[in-house]
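1. Fold the following and give me the result.
(one chain, ligands or ions: 1)
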Amino acid sequence: MDYFEPKTIGEALTLLARYGEQAKVIAGGTDVMVDIKYKDEPACLINIKRIPGMDQIRENGGGLRIGPLVTIRALETSGLVRERLPLLWESCHQFASLQIRNTATIGGNVCRASPSGETLAPLLVLEAKAKLAFASGETTEPFTAFFEGPGKSKAGAKGLLTEIDVLYPAAGSRGVYLKHAVRGAMDIAMVGVAVLVTPDAAKNSLQDVRIGLGAVAPTPVRAAETEALLRGKSLTAGLVKEAAAKAAAEARPISDQRSSAEYRRWIVAALTRRGLEQTWKAATGKEVVQ
Ligand SMILES: Cc1cc2nc3c(=O)[nH]c(=O)nc-3n(C[C@H](O)[C@H](O)[C@H](O)COP(=O)(O)OP(=O)(O)OC[C@H]3O[C@@H](n4cnc5c(N)ncnc54)[C@H](O)[C@@H]3O)c2cc1C
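-> Have a look, this model is predicted:
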């Protein structure tokens, strides 16, 4: 195997262009090393960890710019992330073990493009954007259009994720990330649900609501029909029940070693209901009307 440690994004892109499908980028290696051991060994490994400046979290006016080499642990221990993007923080807090969080990067989580990737549903509801570099130039992709299938993303074989831009949610918004797994944070999510709500000024109705579903479709997805059902309305127990059922219907889960599709749908409904109740109460100070 050819092994490289480029010192600049340009050097990495030249290598990616030269080796194409034969090359594999490695960051923390928590996915790549497992693949090398149990699946395929790439002809060329490009370790991007020596490229300076990609492991920073920077405040950018109304949001954060997160470098792809920022580890999950660095996000979890960042006061800025915890205070301003608690939804993303929660997904990092519930991510694997401390050892994995110390090594795994957010860029690796995103570029792995696993439907169950912990940070993905939060990035979808936060309407974050990915900056990608190719030998031909740079592009910016919203995460809502970034994922193309299990293991497939807009980065492709020749792109490098160079930054994640996340705007702070509107004032008064509240979010939650709920993960269902057999062994809690130690296990990959069977289902992950991210909910972000923004109440109107009088705190009587939902000005905006965003729901992201993880591990229940070929890519992480927004529950668009459920969001449309809820937008502009006040939360009642009946509406929450209807929304939970709609979110379960919008999911397209498969049965695998972690769960049956039927059970996953049931969990989507339960977590959507819980997420809506929790965020409504946190945002308005009111219980859902029975
Ligand atoms: C024991 C264990 C437990 C785990 N638990 C969880 C869990 O609870 N939740 C979860 O979501 N994941 C979990 N994972 C999966 C893994 O840890 C995450 O996906 C992690 O974020 C990957 O980051 P990394 O830096 O290690 O990526 P790497 O393994 O280095 O790379 C992952 C993929 O991304 C590509 N890549 C990395 N960086 C870039 C970049 N900047 N540009 C383009 N492509 C890039 C690589 O080529 C590769 O395809 C677990 C893994 C293990 C081994």
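2. going forward, measure contacts between C-alpha atoms and count neighbours the same way
-> Fine.
3. biggest helix in the protein, by residue count?
-> Using DSSP state H to define each element, the chain has its longest helix at helix 261-284.
4. Which other helices and strands does that helix contact?
-> strand 174-180, strand 191-199, helix 237-250 (3 or more Cα pairs under 8 Å, 6 or more residues apart in numbering; DSSP states H and E).
5. Out of those, flag the one nearest R264.
-> Closest to R264 of the helices and strands packed on helix 261-284, according to Cα to Cα: strand 191-199, at 6.5 Å.
6. got the CA positions of that closest one in CSV?
-> Extracted C-alpha coordinates of strand 191-199, given in CSV (Å, rounded to 0.1, in the frame of the first residue of the first chain):
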residue,chain,number,x,y,z
VAL,A,191,-32.6,4.9,15.4
GLY,A,192,-31.6,8.6,16.0
VAL,A,193,-34.0,11.5,15.9
ALA,A,194,-33.1,15.2,16.0
VAL,A,195,-35.8,17.7,16.7
LEU,A,196,-35.4,21.5,16.5
VAL,A,197,-38.4,23.8,17.2
THR,A,198,-38.7,27.6,17.1
PRO,A,199,-41.9,29.0,18.8
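7. right, and the helix or strand after that strand?
-> Under the assignment DSSP states H and E, the closest C-terminal helix or strand after strand 191-199 is strand 206-214.
8. Whether that following strand contacts the ligand - can you check?
-> No - using Cα under 6 Å from any ligand atom, strand 206-214 stays clear of the ligand, coming no nearer than 9.8 Å.
9. For that strand, which strands pair with it and how are they oriented?
-> Sheet neighbours of strand 206-214, with direction, are listed as strand 191-199 (antiparallel), strand 221-222 (antiparallel) (DSSP bridges).
10. picking that back up, now, of the helices and strands packed on helix 261-284, which is deepest in the fold?
-> strand 191-199 (a mean of 28; mean count of other Cα atoms under 10 Å).
11. That one relative to helix 261-284, how many degrees between them?
-> Here the directions of strand 191-199 and helix 261-284 differ by 30 degrees (axes from the mean of the first three to the mean of the last three Cα atoms, to 10 degrees).
12. Show me what from the stretch 151-290 of the chain comes close to the ligand.
-> In this structure, the stretch 151-290 of the chain approaches the ligand at residues 159-162, 185-188, judged by Cα under 6 Å from any ligand atom.
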